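**Q** I would like to see how this sequence folds:
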Amino acid sequence: MGASAGQMVVCCGSAYANPLVRHAKQVLGKEVACSWTPIGIDCRQRAAGAQLVLVGPGVSDVEPVNLAAALVKDARSNVGRDFRVVLVVNELTGSLASRAHAAGVEQVATMEGLPSVLSEVASTPEPPGSLPAALSADIVEKPAMKAVRSGGNGRVVSIVGGRGGVGKSTISLLLALAAQRLGISTLLIDLDLQFGDLAYLLDLEASHTVAEAVGVGLDEAGSPTVSSAPPLLDLVQTVAGEVSFLAAPGLPELGDLIVGRVGDLCARACSAFSMTVLNLGSTWGDVHAEALEASDLALFVMDQRGTSVEACRQASALARRLGMPGARCSYLVNRCGQRGGVTGLDASLALGGAHVYELPDGGRAVDDLVGAGCPGQLFEQENPLAQGVLDLARRLAGMLGVEPLRDSGENTARRRITGRGARR
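**A** Below you'll find the model as predicted:
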């Protein structure tokens, strides 16, 4: 990497951003293009187009040494996209140096020693597959993630997991509600084609289902029928008077007919809504591959069981084999705070240093209010789980480049729909 070439990503807290960028440009040259983010997962996404990544103190969502380790692993696995990683610390202790070395992080420096380390980096040969020099001296932002999908400008988030019982359905519901409350027009689709239970969970009588939305069904003799898909907004109903919802098919045998039509459904949803949340079942099949292909982000959910972490690791590996880029995968541990349970750090280490969100346990109020069809009250009562999901929704919206409706306030940002919801 020559001093006159390169793109650099800086990941640290805001207090450290300017000093790190200033040190780097003094050594590498003012023409180096710099992209700063305080979020580890965002850093990993941007690193694919960089030649140098500086990881400093104050990263908001993962321990810096774990992020650096994950970046080193990314660099080694991305053929033709090699980049160098430098971990910058306030104090270089022996234990930290050992951890970094064990994780393959070869360049570790204090803020004072950073210039000499950068000089060493600048004098080494440029890695294969490096990009040409960018001509901006300012901090620049990379475009938000976007799946390869026809349709509107909306974003699709898939909620997935490696095993059942981790809370995917509840998180899907609360995430959709949180996004809607932030002023983001949101559609929640239950894509658990075998035993989707969101409508049951909400004690909601589903007026229409995913099967109807894609134009498939069964006639009186039980034979498959296929027809033109009706307008999506004629089918969705409201949940708790807030978010638009499309229920899972009531008959598991319709699943085979729906597969192959999910991509078109997502494209239509993106034309009508700013965000679509897909709740996927724990038994993986063709619908998962199709949903992931149409998704801008896959959120893998674990809980306090160590077996759920291993199942999540296997599921995310399968997602990558199905073609889902690692940069479009995020992870979270649900029900944190239970004594002796899995922490975000535990899960991060098991997932090779990946960023892992933590959601606190919301207690019995979650089951009680969701089952009563009043999930919105969890936000009004500032339930810990609801507050955690609200913060998660803000982060995901920023990552995905989703903006609230410009003409809506927090309490009035409700997209009017023509479908009707019926409460039992």
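**Q** Secondary structure class of Thr276, three-state.
**A** Secondary structure, DSSP: H, G, I helix; E, B strand; the rest coil: Thr276 is strand.
**Q** dump the residue contacts of the closest residue to it other than its chain neighbours.
**A** Spatial nearest neighbour of Thr276, excluding adjacent residues (CB to CB, 6 or more residues apart in numbering): Ala269 at 4.2 Å. In this view, the C-beta of every residue, glycine as well, is placed from N, C-alpha and C. Contact analysis of Ala269 by CB atoms under 8 Å, 6 or more residues apart in numbering lists Gly151, Gly154, Val156, Leu187, Ile189, Leu232, Thr276.
**Q** Just the element for the residue nearest the centre of the chain, please.
**A** Compute the mean C-alpha point of the chain, and by CA atoms, centre = their mean the closest residue is Ser330, 4.1 Å away. Using DSSP states H and E, Ser330 falls within strand 329-336.
**Q** ok, Gly162 - how many residues close by?
**A** Counted with other CB atoms under 10 Å, the neighbours of Gly162 add up to 22.
**Q** do Thr93 as well
**A** 9.
**Q** Strands along the stretch 201-350 of the chain, start to end?
**A** All strands of the stretch 201-350 of the chain, identified by DSSP state E, counting those that start in this stretch, fall at 204-205, 216-218, 224-226, 237-239, 243-246, 275-280, 297-302, 329-336.
**Q** and of those strands, who's closest to Arg84?
**A** Distance to Arg84, taken as CB to CB, is lowest for strand 329-336 among the strands of the stretch 201-350 of the chain, at 23.3 Å.
**Q** Could you give the average pLDDT over the closest one?
**A** For strand 329-336, mean pLDDT rounds to 90.
**Q** Can you list the strands that it pairs with?
**A** Using DSSP bridges, strand 329-336 pairs in its sheet with strand 297-302 (parallel), strand 356-360 (parallel).
**Q** Residues contacting the longest one, please?
**A** Right, the one you point to is strand 297-302. Taking CB under 8 Å, 6+ apart as the rule, strand 297-302 contacts 145, 155-162, 166-168, 171, 175, 292, 308-309, 311-312, 315-316, 319, 324, 328-334, 342, 347, 396, 399-400.
**Q** Next: the last one.
**A** Contacts of strand 356-360 with the rest of the structure, by CB under 8 Å, 6+ apart, involve 61-62, 171, 330-337, 343-345, 347-348, 384-385, 387-389, 392, 395.
**Q** relative to strand 329-336, how tilted is the helix or strand that that strand is followed by?
**A** Later in the chain than strand 356-360, the nearest helix or strand by DSSP H and E is helix 364-371. Here helix 364-371 runs at an angle of 110 degrees relative to strand 329-336 (axes from the mean of the first three to the mean of the last three CA atoms, to 10 degrees).
**Q** Please name every helix or strand in contact with the following helix or strand past helix 364-371.
**A** For helix 364-371, the following helix or strand on the C-terminal side (DSSP H and E) is helix 376-380. Contact partners of helix 376-380 among helices and strands, from 3 or more CB pairs under 8 Å, 6 or more residues apart in numbering; DSSP states H and E: helix 168-181, helix 364-371, helix 384-400.
**Q** at 7 Å instead, please
**A** If you count contacts as 3 or more CB pairs under 7 Å, 6 or more residues apart in numbering; DSSP states H and E, helix 376-380 packs onto helix 364-371, helix 384-400.
**Q** My read is that Leu201 contacts Ala372, right?
**A** No - distance between Leu201 and Ala372: 10.8 Å, which falls outside the contact criterion (CB atoms under 7 Å).
**Q** Looking only at neighbour counts, state which of those two leads.
**A** The neighbour count for Leu201 versus Ala372, taken as other CB under 10 Å, is higher for Leu201 (18 against 12).
**Q** show me the contacts for the more buried one.
**A** Leu201 is in contact with Ser169, Val370, Gly371, counting by CB atoms under 7 Å, 6 or more residues apart in numbering.
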